[in-house]
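Enquirer: how would this look folded up:
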Amino acid sequence: MAKVLKTEEMNKCIGCFTCMLVCAGVNRKNHSISKSCISVKTSGGISGRFVSVVCQACREPQCAEVCPSDALTQRKGGGVTLDKTVCIGCRRCEEACIVEAIKYDEDERKPIICHHCGVCVRFCPHGCLEMQEVSD
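Expert: Residues are numbered from 1 along each chain as shown. The predicted structure is shown next:
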C-alpha cells in the first residue's frame, strides 16, 4: 500500500528545520534548505505558529497535466514522480501547483518535487510529520 506525507501535528513544530535539512541532504545531496521538498515557515511573524508546505499527493495532479514533456507521472497513492532526463525546466508544474509545494532549483533548472520518501518523518524530533497509508 502506498504512503504519503502528512503534516497534521505541526502544532508541535519548533522550527528547527531538521526535516528540511535532511530532505535536501538525502534527496538532493545538498545541505541548503532551499533544496528541500518541504518548506517550514511561520504562519505570521515571529510569534506565529509553524506551518509546512508540502506536496498534498493529489489524485489528479495538475502539475502532471500541464507538463509538456511528460516528465511528471502519477505516483501510486497520489502525487507525482519526476523524470529529470525528460524535464525541460519550463516551470509550468510550479505554476500549476495550487499549494505552491513545487520549488525550482535554479542551479539544475529543474523542479524540486516531493516523492513522499519519508526521510523527513524519520528525523523530525517532535513527531510533527507522518507517513500515512493510502489506497492505490
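Enquirer: can we go C-alpha only for contacts and neighbour counts from here?
Expert: Fine.
Enquirer: Now the residue of the chain most remote from its centre. Its backbone dihedrals?
Expert: Within the chain, the residue lying farthest from the chain centre (C-alpha atoms, centre = their mean) is residue 47, at 24.8 Å. Torsion angles at residue 47 (phi, psi; degrees, to the nearest 10) stand at phi -90, psi 0.
Enquirer: Give me the pLDDT for it.
Expert: pLDDT for residue 47: 76.
Enquirer: just residue 132 next, same as before
Expert: Per-residue pLDDT puts residue 132 at 96.
Enquirer: what helix or strand is it on?
Expert: strand 130-134 (DSSP states H and E).
Enquirer: Quick one: list the elements packing against the lengthiest helix in the chain.
Expert: With secondary structure taken from DSSP state H, the chain has its longest helix at helix 18-28. Where contact means 3 or more C-alpha pairs under 8 Å, 6 or more residues apart in numbering; DSSP states H and E, helix 18-28 is packed against helix 119-123.
Enquirer: Now do the helix it packs on: which elements does it pack against?
Expert: Contacting helix 119-123 under the criterion 3+ C-alpha pairs under 8 Å, 6+ apart are the following elements: helix 18-28.
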